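Student: Need the 3D shape of this:
(one chain, ligands or ions: 1)
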Amino acid sequence: MKIAVLPGDGIGTEIVAQATKVLETLRSDGMKIEMEYAPIGGAGYEAAGDPLPDATLKLAKEADAVLLGAVGDWKYDKLERNLRPERGLLRIRKELNLFANLRPALLYPELAGASTLKPEVVSGLDIMIVRELTGDVYFGQPRGISTLPNGEREGVNTMRYSESEIRRIGHVAFRIAMKRNKKVCSVDKANVLETTELWRQVMIETAREYPEIELSHMYVDNAAMQLVRAPKQFDVMVTGNIFGDILSDEASMLTGSIGMLPSASLDQNNKGMYEPSHGSAPDIAGKDVANPLATILSVAMMLRYTFNDETGAIRIENAVKKALAQGYRTADIYTDGCNKVGCNAMGDAVVAAL
Ligand code: NAD
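Tutor: From the prediction side, this is the model:
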């Protein structure tokens, strides 16, 4: 298993260090794991003047899977857009053709009290959000800020999806739902946006190949509301890039903290990049308080989706459950009576449980 490790910026280095401890433990148990490190984001800019240095991209292309921390820091906000850390992330997703982003929102029973929602609303929650990752308004052309003839500035982004792009993410969602409760809710804004009107049509056509799947549709504004009103109605949600970005962050709060949410981004052949759903959290970077569990759970997803090792994935997930059951909590998921630990100690607790 050749893994490219890209810690990135902010808390990225701290949380990835905990995930690699887990990988090293698996290696000492006999798994054939090779890890090689490279900079990305602000770290890439500092090292090579590029948020996605050529050497990093080469390493990521040659690896079987990529483990990423997070990118970004406010200090880079003044850089030209192409040099900003986030561009490195968008580019690596595009270069590796990682079009399918899987974000599970799963509530661990021990954390029901850490959610801002009532325990009866969230307990037993298990949603998989499937977000399209390489299209939509984040990539559509034309884009940019220009000056109109009257001297006023204008900003433009373009929402676009081709039929084949919609169909392939539809297949991913339907195949995942077949292994779960066979329910897919496709989220769009078909009443206002033509792009998503096509999205809905193609989802309906694609669903015909999966007669056992119950497909429903929801406008994104309603979906945002339903996620906090009655989130357990959802099994698999499938949506485009921008709606998925926002809804998956919203869903993270159902689980107590964005620090609990792993993600996988896959290509057509299940090669994947695995990363926590959160960002580089510059506000807490370097303080040893970040929650590393989303990153550790991303390693479990890596074993499941790229290396087809369900047993290994469950082993990591059980180790996380055990550390939580033993009362270990980072600050973001802490409730009274638990044992508050830092990022490093939480990593150690998972390794000990493993
Ligand atoms: P963020 O996700 O970094 O942080 C949002 C809030 O959640 C902050 O209060 C932070 O302290 C907290 N948080 C995030 N991860 C946590 C963890 N593991 N443990 C405990 N608390 C955690 O989002 P932001 O503040 O909007 O963005 C900060 C930077 O991250 C920006 O430069 C942004 O562009 C970048 N970003 C990167 C990614 C990515 O790399 N995938 C995603 C989102 C944002």
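Student: Spit out the contact partners of the residue of the stretch 1-150 of the chain found nearest the ligand.
Tutor: In the stretch 1-150 of the chain, the residue that lies nearest the ligand is residue 72 (2.4 Å; C-beta to the nearest ligand atom). Heads up, the C-betas are built off the backbone N, CA and C, glycines and all. By C-beta atoms under 8 Å, 6 or more residues apart in numbering, the contact set of residue 72 is 8-10, 41-42, 84-86, 279-280, 282.
Student: Just send these back as TSV, with distance to residue 102, secondary structure and pLDDT too.
Tutor: Converted to TSV, those look like this (distance: C-beta to C-beta, whole Å; DSSP: H, G, I helix; E, B strand; the rest coil; pLDDT from 0 to 100):
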residue	distance to residue 102	secondary structure	pLDDT
8	20	strand	98
9	24	coil	98
10	23	coil	97
41	22	coil	98
42	26	helix	97
84	26	coil	96
85	23	helix	97
86	21	helix	95
279	18	coil	94
280	21	coil	97
282	26	coil	96
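Student: For residue 126, grab the count of nearby residues.
Tutor: Neighbour count for residue 126, taken as other C-beta atoms under 10 Å: 15.
Student: And the pLDDT for it?
Tutor: Note for residue 126: predicted pLDDT of 93.
Student: My read is that it contacts residue 107, right?
Tutor: Yes - Residue 126 is within contact range of residue 107, at 7.5 Å (criterion: C-beta atoms under 8 Å).
Student: wait, what's in contact with the residue in the stretch 151-300 of the chain that the ligand sits nearest to?
Tutor: Nearest residue of the stretch 151-300 of the chain to the ligand, counting by C-beta to the nearest ligand atom: residue 279, 2.5 Å away. Residues near residue 279 by C-beta under 8 Å, 6+ apart: 10, 70-72.
Student: Quickly note the distance from it to residue 75.
Tutor: Applying C-beta to C-beta, to the nearest Å, the value for residue 279 to residue 75 is 14 Å.
Student: ditto for residue 321
Tutor: In terms of C-beta to C-beta, residue 321 sits 37 Å off from residue 75.
Student: between the two, which one's more packed in?
Tutor: Taking other C-beta under 10 Å, residue 321 and residue 75 do not tie; residue 321 has more neighbours (15 against 11).
Student: Skipping its backbone neighbours, what lies nearest that one in space?
Tutor: Excluding its sequence neighbours, the residue lying closest to residue 321 (C-beta to C-beta, 6 or more residues apart in numbering) is residue 108, at 6.4 Å.
Student: burial of the one you found, as a residue count?
Tutor: Residue 108 has 18 neighbouring residues, counting by other C-beta under 10 Å.
Student: mean confidence for the helix or strand residue 303 falls within?
Tutor: If you go by DSSP states H and E, residue 303 is part of helix 293-305. For helix 293-305, mean pLDDT rounds to 96.
Student: Kindly report the same for stretch 239-248.
Tutor: Averaged across stretch 239-248, pLDDT comes to 95.
Student: any idea how far the nearest residue to residue 14 once chain neighbours are set aside lies from residue 85?
Tutor: Nearest non-adjacent residue to residue 14, counting by C-beta to C-beta, 6+ apart: residue 343, 4.9 Å away. Separation of residue 343 from residue 85 (C-beta to C-beta) stands at 21 Å.
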